[in-house]
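# Task: produce atomic coordinates for the following.
(2 chains)
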Amino acid sequence: MNLNRRHFLIMLPAAAIAWEHVLAGTPENSPNYNTADHWWGMLIDIPKCIGCGNCVRACAAENDVPDGHFRTWVERYHVTDYDMVNPQVISPDGGKEGFPVAEEDAGKYFFVPKLCNHCADSPCTQVCPVGATFVSPDGVVLIDQTYCLGCAYCVQACPYGCRYIHPEKKVVDKCTLCYHRITKGLTTACCENCPTGARQLADLKNPNDPIHEFLKTHHVQVLKPQMATGAKVFYNELDGSVR
Amino acid sequence: MNGVEGFMYPNEINLQWSVLIVLYPYITGLVAGAFILASLVRVFRVHAVAPTYRLALLTALAFLIVAPLPLQLHLGHPERSPEMYFTPHSTSAMAMFGYVYLWYLMAVLAFEIWLDYRKDIVLLSQSSTGWLKRLYSIMTLGSLNISPEALKIDDRVGWIVTVIGIPSAFLLHGYVGFIFGSIKANPWWSSPLMPVVFIFSAMTSGVAAVMLIYMAATKLRKLKIDIKCVDTIAMYLFYIFIIDFGLEMLDLIHRIYEADESFRSLNFMVHTRLYFSHIVVQILMGTITPIVLLAITQLVKLPEYVRKRIYVIVGCLVQVGIFAMRWNVVIGGQLFSKSFLGYTTYKMGLVTREGLAPAIIFAILPFVILYVLIKLLPPWEGGSHGAPDPASNPVH
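Just a heads-up that it's a prediction; the model follows:
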């Protein structure tokens, strides 16, 4: 082929587009990231959550979460007086578009963001028949979706309702703690978009992470501690009525 | 909204395990129960039930062949299921399914049937023609010696296989119970009694199924039903059923008395969404009624024709009751929220991948396979109702 300067210049933009596609198909890597140096979790500061749903929307956009399924969602609790056993809980569309104005004044209202608890002793990874879901060395519960059978046993085993079967991929899906971001030194999409800082990514192996000071100075709890799952999503001022 | 009452975690609204997963423990239960009935003849030398011996083995095989099919159809990626054999996850109860299944199918059931039928197969390979001759020749696996000494060895090995088969049958179905009973996230399932309840309910349904199939097959062959045989089966069925019901009641009473954090939610579910399938179908219709009917046959001297009719009714009610039990475990365990604050609804599709149509096909398929097996390996001898009685063989 006889390529002159004119043709070369015409082909340049096409080549650039093609190169972009090549890059897009290349798995992302993080050469400076060492899994042994991290142990990830998250801090949820309940009094700071305003139930705006920014986190749910950001997560859905970042991770291409299908409609009607949730990697993260927000619940609104309404607890009247002493009746902690029967809180009124709503989460319309996972709290994606916020919440309706509360009608009753009696009792207390608060929001509880939920996501995978990235349990250290996770019951979901225990039951996976092929080990397609696993705890990474840096403490994140991940799924190899090219290996998952789609049996949904892990969905049954998760006490927190964090997993779902992806309607198109027919494999299980859930929060990855934005692993593609945190391994690049970024925070998660939900934390980045929280306007009040109610959600904060925490690296428990990093001695300089503010989580250590926070855990020492606040009343912090995990969800369903009786399940002994080693949950690593820590809730500040978690009410006893929260399930 | 979406059949939801109260609050469900948003990902919980649609059920993950459908009617196909209900069929799976039901079918494996029939396998285990049928095998236990066969072992009554071979190991425990209960001569009276000998006419059902070979039929029980073939029934177990027919159902075992179908057992994994509903699971396969349920999987999002069935083509990846061989990974369970190649890279099993050691901590997963489900990962062991492939091995338990293969062990039971190949090492126990197929081997025992082959040993038991070896003489017949060799004779059939000599007497038949065409493709049937080729098929029987393959089925002999080249073992053509049917001298009395060789048959004696067959019988001895067969006895050992059955002895191994009894704990294997318990393992097969106890393990299915463990799949559910070991899920701590689900209080409706999480119970150490679950494997034991599954084993006894399996025996109940399997024994009743073989009794029904024997009665139906004998009727179709226009022969006289061996009343001593069905009387004995009914007696065993009665005792097994009492144990099964006792265990289930123990579980229920324990839950009611303990009344832990999940109790209010589960209690509400049993009295509302699960009322018909649990209280009416499983307990009243499928358990108490057949137990009372069986008790009457044990206590009152009834004419033969009445007993036979009662056994047919009992057999059918047991199937309905045990299927309802599997339904209530699998579907019931997903109707309530793990937050204990709400309930969802199971919407079964009709002609969908996990709907009613494939479930009906999987329920009929074992009978088609059984028909072929019976044609290929007739479980009865010489036209009479009597199958060979391995219990009468003095070699054990």
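
# which residue ranges form the strands in the chain?
This is for chain A. A:40-45, A:72-79, A:88-90, A:108-115, A:133-135, A:141-143, A:164-165, A:172-173, A:199-203, A:220-221, A:233-236 (DSSP state E).

# not quite, I wanted chain B
Taking DSSP E as the criterion, chain B contains strands spanning B:5-6, B:342-343.

# Of those, which is nearest A:Gln200?
Set against A:Gln200 and scored by C-beta to C-beta, these come closest in strand B:342-343, at 29.9 Å. For glycine as for every other residue, the C-beta is placed from the backbone atoms N, C-alpha and C.

# Can you spell out which helices and strands pack onto that closest one?
In terms of contacts (3 or more C-beta pairs under 8 Å, 6 or more residues apart in numbering or on different chains; DSSP states H and E), strand B:342-343 is packed against strand B:5-6.

# Who does the strand it packs on pair with, and is each partner parallel or antiparallel?
In its sheet, strand B:5-6 lies beside strand B:342-343 (antiparallel), with partners assigned from DSSP bridges.

# For chain B, what is the nearest residue in chain A?
Using C-beta to the nearest C-beta, the single residue of chain A nearest to chain B is A:Gly150, 1.9 Å away.

# Spatially nearest residue to B:Met211, not counting backbone neighbours?
Counting by C-beta to C-beta, 6 or more residues apart in numbering or on different chains, the nearest residue to B:Met211 once its immediate chain neighbours are dropped is B:Ile233, at 4.7 Å.

# now the residue of the stretch 151-300 of chain B found nearest chain A, nearest residue through space, not along the chain?
Here the stretch 151-300 of chain B gets closest to chain A at one residue, B:Ala185, 3.7 Å apart by C-beta to the nearest C-beta. Spatial nearest neighbour of B:Ala185, excluding adjacent residues (C-beta to C-beta, 6+ apart): A:Pro159 at 3.7 Å.

# isn't the one you found right up against A:Pro123?
Yes. Using C-beta atoms under 8 Å, A:Pro159 makes contact with A:Pro123 at a distance of 6.8 Å.

# of these two, who's got more company?
A:Pro159 (23 against 20; other C-beta atoms under 10 Å in any protein chain shown).

# so which of the strands of chain B is the most packed in?
When you average the neighbours per residue for each of the strands of chain B (mean count of other C-beta atoms under 10 Å in any protein chain shown), strand B:342-343 leads with a mean of 18.

# Do you know the pLDDT at B:Ile27?
pLDDT, the model's per-residue confidence, is 96 for B:Ile27.

# I figured it hits B:Pro68, correct?
No. Applying C-beta under 8 Å, one finds B:Ile27 not in contact with B:Pro68, separated by 9.3 Å.

# Now do the buried residues in stretch B:116-124.
When burial is assessed from 16 or more other C-beta atoms under 10 Å in any protein chain shown, stretch B:116-124 yields the following buried residues: B:116-118, B:120-122, B:124.

# Identify the farthest-apart pair in these.
Distances among those were taken as C-beta to C-beta; the most separated pair is B:Asp116 and B:Leu124, at 13.7 Å.

# what sits in contact with each of the two?
Listed as contacting both B:Asp116 and B:Leu124 by C-beta atoms under 8 Å, 6 or more residues apart in numbering or on different chains is no residue at all.

# returning to what we had before: which among the buried residues of stretch B:116-124 gets closest to chain A?
Within the buried residues of stretch B:116-124, the smallest distance to chain A is 33.5 Å, found for B:Asp116 (C-beta to the nearest C-beta).

# who touches that closest one in this structure?
Contact partners of B:Asp116, counting by C-beta under 8 Å, 6+ apart, are B:54, B:57, B:154, B:158, B:390.

# ok, and the most crowded of those?
Compared across these, B:Leu57 has the highest neighbour count, 30 neighbours, by other C-beta under 10 Å.

# pretty sure that one contacts B:Ala38?
Yes. Look at B:Leu57 against B:Ala38 with C-beta under 8 Å: they come within range, at 5.1 Å.

# Tell me how many other residues crowd the residue nearest to A:Lys170 when sequence neighbours are not counted.
The shortest distance from A:Lys170 to any residue that is not its chain neighbour, by C-beta to C-beta, 6+ apart, is 3.2 Å, and that residue is B:Gly76. By other C-beta under 10 Å, the residues close to B:Gly76 number 17.

# what about B:Gly76, distance to A:His166?
From B:Gly76 over to A:His166 the distance is 8 Å, taken as C-beta to C-beta, to the nearest Å.

# go on, B:Asn328?
As judged by C-beta to C-beta, B:Asn328 and A:His166 stand 29 Å apart.

# So which of the two has more stuff around it?
Neighbours per residue (other C-beta under 10 Å) separate B:Asn328 from A:His166, with B:Asn328 holding more: 22 against 19.

# Identify the residues contacting the nearest residue in space to the more buried one that is not next to it in sequence.
Spatial nearest neighbour of B:Asn328, excluding adjacent residues (C-beta to C-beta, 6+ apart): B:His278 at 4.8 Å. Contact criterion C-beta under 8 Å, 6+ apart gives B:270, B:324, B:328, B:332 as the residues in contact with B:His278.
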